[in-house]
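**Student:** quick one: sequence plus predicted model below, questions after.
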Amino acid sequence: MFFKQSGGASWLIVFLGNPGKDYENTRHNAGFLTAEAMEERCGVRINKSKFHALTAIARHAGQNVLLLKPQTYMNLSGQAVAEAARFYKIPPERVIVISDEVSLPLGRIRVRRSGSAGGHNGLKDIIAALGTEGFPRIRLGVGAPPHEDYDMRDWVLARFTGKDLETIRGAADRAAEAALCYIAEGPDKAMNRFNQNG
């Protein structure tokens, strides 16, 4: 049984995105697409309102894992993450953040132990709220705009369609698997397995 209603959590997986129908299936919501894949993998629904977020607790590799979808909009994601981490006393090295990444080709994922925000406002706010860059992250490639003059905000808020949507859903499923691998087998195994092929 994956789902557990009560008790603590020793890991936190954060799925970044913007709430509401207007943002469904947009590039910036690749994290929320990963949350859907995680729900399928863990047999839970991330629907309990807490910490300015929707949450669920899943059981994986003998540990309770808090799954968290901030509902504050991307630029204020740190508020939800910091509240949840403080409440459960989860250290930054056990806070896995899943986000979109324009500098990676569509469908590619990359696992890292830590790193800078790389221009991502959600990551920037989490770094500020936690006071450190030292938390793991899994980035989903959504591809770069077709030309330099393309407005980045328009690009990340545009919807995936057709084959691109299929590709990103496949990547989201791998990102969910990578997060669970990180918890169960450690960062080196997760990076070796998921950074090479996709």
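**Tutor:** Sure, I can see it. Numbering: from 1, shown residues only.

**Student:** and residue 164, what element?
**Tutor:** Secondary structure from DSSP states H and E places residue 164 in helix 162-185.

**Student:** before we move on, what about residue 85?
**Tutor:** Judged by DSSP H and E, residue 85 forms part of helix 77-88.

**Student:** how much space separates residue 33 from residue 118?
**Tutor:** 20 Å (C-beta to C-beta, to the nearest Å). To be clear about C-beta, it is placed using only N, CA and C from the backbone, and glycine gets the same treatment.

**Student:** ok, these two, which is more surrounded?
**Tutor:** residue 33 (27 against 13; other C-beta atoms under 10 Å).

**Student:** now the more buried one: closest residue in space that isn't a chain neighbour?
**Tutor:** residue 172 (4.1 Å; C-beta to C-beta, 6 or more residues apart in numbering).

**Student:** what sits against that neighbour?
**Tutor:** 30, 33-34, 36-37, 140 (C-beta atoms under 8 Å, 6 or more residues apart in numbering).

**Student:** which ones are touching the residue nearest to residue 41 when sequence neighbours are not counted?
**Tutor:** Leaving out its chain neighbours, the residue that sits closest to residue 41 by C-beta to C-beta, 6+ apart is residue 176, at 5.4 Å. The contact partners of residue 176, taken as C-beta under 8 Å, 6+ apart, are 34, 37-38, 41.

**Student:** where helices are concerned, which of the residues you listed count?
**Tutor:** Judged by DSSP state H, helices contain the following of the contacts of residue 176: 34, 37-38, 41.

**Student:** need the residues you listed in a markdown table (columns: distance to residue 159 and neighbour count).
**Tutor:** Converted to a markdown table, the ones in helices among the contacts of residue 176 look like this (distance: C-beta to C-beta, whole Å; neighbours: other C-beta atoms under 10 Å):
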| residue | distance to residue 159 | neighbour count |
| --- | --- | --- |
| 34 | 16 | 32 |
| 37 | 18 | 21 |
| 38 | 21 | 27 |
| 41 | 24 | 16 |
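
**Student:** got those residues as JSON lines, with pLDDT and distance to residue 107 columns?
**Tutor:** Output for the ones in helices among the contacts of residue 176, formatted as JSON lines (pLDDT from 0 to 100; distance: C-beta to C-beta, whole Å):
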{"residue": "34", "pLDDT": "97", "distance to residue 107": "13"}
{"residue": "37", "pLDDT": "96", "distance to residue 107": "13"}
{"residue": "38", "pLDDT": "96", "distance to residue 107": "18"}
{"residue": "41", "pLDDT": "93", "distance to residue 107": "18"}
